[in-house]
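Peer 1: all I have is the shape, not the residue letters:
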């Protein structure tokens, strides 16, 4: 009790002895003493003299032209009388502010700067305010305008190094301010408000605008410094405006690196919110973006994005936002090795998606990696949103899961997805997705007949159910639904696969001619697919190709046998009724076994297996292979049946190269059957 009494007494005496000093346009720096009756004339004189914590420098109405930077002592505050208290700068040195408040990290500033107008004098001054290392500092009710580089530069570090501070600055706030035309772009974007090394900083009720410069030269309204490192900060109730994207710079209204526990809400924002490196840390989320209105007043001729998350993203919640007139409302741009995990996108309204230039570019949600395909998605949930494309300038794609190396547990439920030209939901490659649920969505006026469009395979554990198809689809788009998927399949096919495909074609070519080279070529095909299936973790597929490998070796031995006159022992023959019955029994047995295995051990096979169809195709191929080792004419019937099934089977699995390949094999099988039948007829005549 005695301790708290003493503390209260000290606080009382400090406040009792705190002094307010004045500057006035009629004051005098040489003869004044800072009193209300004898004020100073410049802020520089006041900040050079006033050093006692708790003291206040009061700036009366008028315009003050400062020629020397003003260093603000710890604990000393500056107050004006509103927009009529104008501090104008004559400083022209780059990266020099009018007011500077720097200290070692963790220093308790316990001060404020308020009710001023800071004027950069037609952008001849670099910065308005620079703060480093201090906590418990507020800037509020200020107007900051026309600075060349930045309005307020606010870092937690004192040395300006690009890394996290040893001690984060806490208790800082920036509110009720108007900042206009204070950020430039010249290949590197500056910010009207630049922040870094902050924990729990509050930025609210501000109007920050950067639209006043020539195209290609406007910086960002809010920008990071020292690589960001912002923890538990809140940005809310602001109006933030960036000039429309001009195709030359970036569309960022806000760019904040290395954030944890960041909350952005109740803002009206024109320009993208760009957040590279989102880490959950000790907070319940990495970033929580909700209840904002985002986007320009009308559709723009260049790509405008809404919320952009770069590099890794850990626990992002995006909900209850209105995103309008954007080409890509929600945009992920990971790099190689990044993980995007635990993302919830719910209850957002994304209206009038598109670009006003006839290009039909855009997505509702897009993944576009800056690098190769080696990022991972874990737990990605899209619930109860409205994604509506512009009817005339409709974008091609809705929700796009693109270019991932792996994606696990994706749920798309209860959304309205409308007016997307190619498809409302797309995935490329789709084969890397494990567990995809598409359920209870309203799908209207989308391409591909409102169905999902998959490229390079289909997802494993894929469920689509209870979706409501409303209105017509946009029909078939040959370029987007055939040529583009085919291009991507060919682009990413590897050398081993090419060798295997070519070996398969050669094997049938040699088989048609009864040339024993059929088996070494088929062996190359089988062994390569064993290696590829093993590398992909498809143990069941390994066993399938092991069967073909064994029969390649067996057939090679059988076809190589000669009698004493060195004539071939095995020749082309037709099967007897008994042999045909045996073949049918073998086929049915394989069908049953394959169906059982593909049903109960599906995880060991390639994603997207269809048990009954794969079972029948596999059984036909197995039977055909067995008969080919004996040169039975009927082997071709089984190969033809297998390919007839595999052509549409691979097509509906979105594997167009494989579908086309088996179409070629079907033609070769028909040719092979014709050649063997012709030889058989000739032999009979002889």
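Peer 2: Cool, the structure landed. Just so you know, these numbers come straight off a predicted model, no measurement behind them.

Peer 1: looking at the helix ranked longest in the chain now, give me its mean pLDDT.
Peer 2: When the chain is parsed with DSSP state H, its longest helix is helix 656-685. Computed over helix 656-685, the mean pLDDT rounds to 82.

Peer 1: off-centre distance for it?
Peer 2: Remark: helix 656-685 is offset 48 Å from the chain centroid, using Cα atoms, centre = their mean, to the nearest Å.

Peer 1: packing partners of it?
Peer 2: Packing partners of helix 656-685 (3 or more Cβ pairs under 8 Å, 6 or more residues apart in numbering; DSSP states H and E): helix 484-492, helix 495-512, helix 635-652. For glycine as for every other residue, the C-beta is placed from the backbone atoms N, C-alpha and C.

Peer 1: can you give me the domain boundaries for this protein?
Peer 2: If you go by automatic domain parsing, the domain ranges for the chain are 296-492, 493-685.

Peer 1: what's the nearest residue to residue 570 if we skip its chain neighbours?
Peer 2: In space, not counting the residues next to it along the chain, residue 570 is nearest to residue 631; the distance is 5.1 Å by Cβ to Cβ, 6 or more residues apart in numbering.

Peer 1: go on, residue 111?
Peer 2: Here the residue nearest residue 111, using Cβ to Cβ, 6+ apart, is residue 77, at 4.5 Å.

Peer 1: I'd assumed residue 109 was in contact with that neighbour.
Peer 2: No. When contacts are counted by Cβ atoms under 8 Å, residue 77 is not listed as touching residue 109 (9.2 Å).

Peer 1: how about low-confidence regions in the stretch 51-200 of the chain?
Peer 2: The stretch 51-200 of the chain contains no residues with pLDDT under 70.

Peer 1: show me what contacts the closest residue to residue 84 other than its chain neighbours?
Peer 2: Nearest in space to residue 84, with sequence neighbours left out and distances taken as Cβ to Cβ, 6+ apart, is residue 61 at 3.9 Å. For residue 61, the contact set (Cβ atoms under 8 Å, 6 or more residues apart in numbering) comprises 81-82, 84-85.

Peer 1: rerun that using 7 Å as the cut-off
Peer 2: Neighbouring residues of residue 61 by Cβ atoms under 7 Å, 6 or more residues apart in numbering: 81, 84-85.

Peer 1: list phi and psi for it.
Peer 2: Phi and psi for residue 61, reported as degrees, to the nearest 10, are phi -60, psi 140.

Peer 1: and the gap between it and residue 98?
Peer 2: According to Cβ to Cβ, to the nearest Å, residue 61 stands 18 Å off from residue 98.

Peer 1: repeat that for residue 51.
Peer 2: Counting by Cβ to Cβ, the separation of residue 51 from residue 98 is 19 Å.

Peer 1: ok, now residue 289?
Peer 2: Distance from residue 289 to residue 98, by Cβ to Cβ: 34 Å.

Peer 1: ok, residue 560 next?
Peer 2: Counting by Cβ to Cβ - residue 560 and residue 98 are separated by 93 Å.

Peer 1: so the two - more neighbours on which side?
Peer 2: More crowded of residue 560 and residue 98, by other Cβ atoms under 10 Å: residue 98, with 28 against 12.

Peer 1: could you find the closest non-adjacent residue to the more buried one?
Peer 2: Residue 98 sits nearest to residue 89 (Cβ to Cβ, 6+ apart), 4.8 Å away.

Peer 1: who's in contact with that neighbour?
Peer 2: With contact set as Cβ under 7 Å, 6+ apart, residue 89 has these partners: 66, 98, 120-121, 125.

Peer 1: quick one: buried ones out of those?
Peer 2: Neighbour counting over those (16 or more other Cβ atoms under 10 Å) leaves 66, 98, 120-121, 125 as the buried ones.

Peer 1: just give me the closest of those to residue 639.
Peer 2: residue 120 (79.2 Å; Cβ to Cβ).

Peer 1: tell me how many other residues surround the nearest residue to that closest one once chain neighbours are set aside.
Peer 2: In this structure, residue 120 finds its nearest non-sequential neighbour in residue 147, 3.5 Å apart by Cβ to Cβ, 6+ apart. For residue 147, the neighbour count with other Cβ under 10 Å is 31.

Peer 1: okay, which residue is most central for the chain?
Peer 2: Central residue of the chain (Cα atoms, centre = their mean): residue 332, 1.5 Å from the mean position.

Peer 1: so, low pLDDT: which residues of the stretch 551-686 of the chain?
Peer 2: Along the stretch 551-686 of the chain, segments meeting pLDDT under 70 span 680-686.

Peer 1: scan this structure for its longest strand.
Peer 2: Scanning the chain for the longest strand, with DSSP state E as the assignment, gives strand 97-114.

Peer 1: buried stuff in that strand?
Peer 2: For strand 97-114, by 16+ other Cβ under 10 Å, it's 97-103, 105-107, 109-114.

Peer 1: now the element after the helix or strand harbouring residue 48, going C-ward?
Peer 2: Taking DSSP states H and E as the definition, residue 48 sits inside helix 43-49. For helix 43-49, the following helix or strand on the C-terminal side (DSSP H and E) is strand 56-59.

Peer 1: can you list the strands that that next one pairs with?
Peer 2: strand 20-23 (parallel), strand 77-79 (parallel) (DSSP bridges).

Peer 1: what sits up against the last one?
Peer 2: Pointing back at strand 77-79 there. 56-59, 72, 111-116.

Peer 1: span of stretch 324-338 from start to end?
Peer 2: End-to-end distance for stretch 324-338: 29 Å, by Cα to Cα, to the nearest Å.

Peer 1: what mean pLDDT does that stretch get?
Peer 2: For stretch 324-338, mean pLDDT is 95.

Peer 1: again, but for stretch 441-458
Peer 2: Mean pLDDT, stretch 441-458: 91.
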